[in-house]
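S.K.: missing the sequence, but the structure's below:
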């Protein structure tokens, strides 16, 4: 059952928190202070499921709240063993094709940033972090599709000095996410979640931490 404005209801949150330990509540607040939607991550048709799950884990570890997954050809699930619970704390958005993903992200105010070692891309260290950006990662073998490369507003690459020309997608994503989020937190940019977004995630995470949540929610709203 869905209740109107449930995820903005402060009284509902207070009720849910009676089922949580003090440490759990404090941990939610601590983590949310480091969450951001200034950057978001998108992966396109990643064939190996564990790679998508590993990217999700990197998003969670380094504070990226949203992961966008294009599933035009491959994959309809998340490998929970690799994600190690990250699917509870990161918001996953799924798309049937890359165009719908790009259009949605542009509507939300993001510039489209393609990662690729094979084009005239700027190095990661020189990437301008001031603009809200959606960072796209492609398949293990061929990288991003031409559609995304042509639609991109900017391009970045990780500097490499060996014979190998590319990294595994999960490794590339971890390097990029760690770099841009660390620089973001050291900047004067307003990168943190809004108060409403924090409230929404506190409720969402509390719900995911409580057994029989539907019964508990019904008891609160019908009392």
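M.R.: Nice, thanks for sending it over. In this text, all values refer to a predicted model and were calculated from it rather than measured experimentally.
S.K.: which residue ranges form the strands in this protein?
M.R.: Residue ranges of the strands in the chain, as given by DSSP state E, are 39-44, 66-70, 91-95, 111-115, 122-123, 133-137, 154-157.
S.K.: Switch those strands over to TSV; also include distance to residue 193 and mean pLDDT.
M.R.: Any C-beta I mention is one placed from the backbone N, CA and C, and that applies to glycine too. Output for these, formatted as TSV (distance: least, C-beta to C-beta, whole Å; pLDDT from 0 to 100):
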stretch	distance to residue 193	mean pLDDT
strand 39-44	12	94
strand 66-70	11	93
strand 91-95	12	91
strand 111-115	20	96
strand 122-123	28	91
strand 133-137	17	97
strand 154-157	24	94
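S.K.: Nearest to residue 215, out of those strands?
M.R.: Nearest to residue 215 among the strands of the chain is strand 91-95; the distance by C-beta to C-beta comes to 24.6 Å.
S.K.: Please report the distance of the residue nearest to the spatial centre of the chain from residue 58.
M.R.: Centroid-nearest residue in the chain: residue 66, 2.6 Å away (criterion: C-alpha atoms, centre = their mean). Look at residue 66 and residue 58: by C-beta to C-beta, to the nearest Å, they are 13 Å apart.
S.K.: picking up where we left off before, among the strands of the chain, single out whichever gets nearest to residue 15.
M.R.: strand 91-95 (23.0 Å).
S.K.: Contacts for the closest one, please.
M.R.: Strand 91-95 has contacts (C-beta atoms under 8 Å, 6 or more residues apart in numbering) with 56, 65, 66, 67, 68, 69, 70, 71, 72, 78, 101, 104.
S.K.: same deal with stretch 10-29?
M.R.: Stretch 10-29 is contacted by residues 6, 199, 201-203, 205-207, 209-210, 216-217, 220-221 when judged by C-beta under 8 Å, 6+ apart.
S.K.: try 7 Å this time
M.R.: Applying C-beta atoms under 7 Å, 6 or more residues apart in numbering, the contact partners of stretch 10-29 are 6, 199, 202, 203, 205, 206, 207, 209, 210, 220.
S.K.: ok, now stretch 113-125?
M.R.: Stretch 113-125 is contacted by residues 133-137, 143-144, 148-149, 152-160, 165-166, 172, 176, 179 when judged by C-beta under 7 Å, 6+ apart.
S.K.: I'd like the contacts of stretch 10-29 as CSV, with neighbour count appended.
M.R.: Below are the contacts of stretch 10-29 laid out as CSV (neighbours: other C-beta atoms under 10 Å):
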residue, neighbour count
6, 17
199, 17
202, 19
203, 19
205, 20
206, 20
207, 18
209, 17
210, 16
220, 15
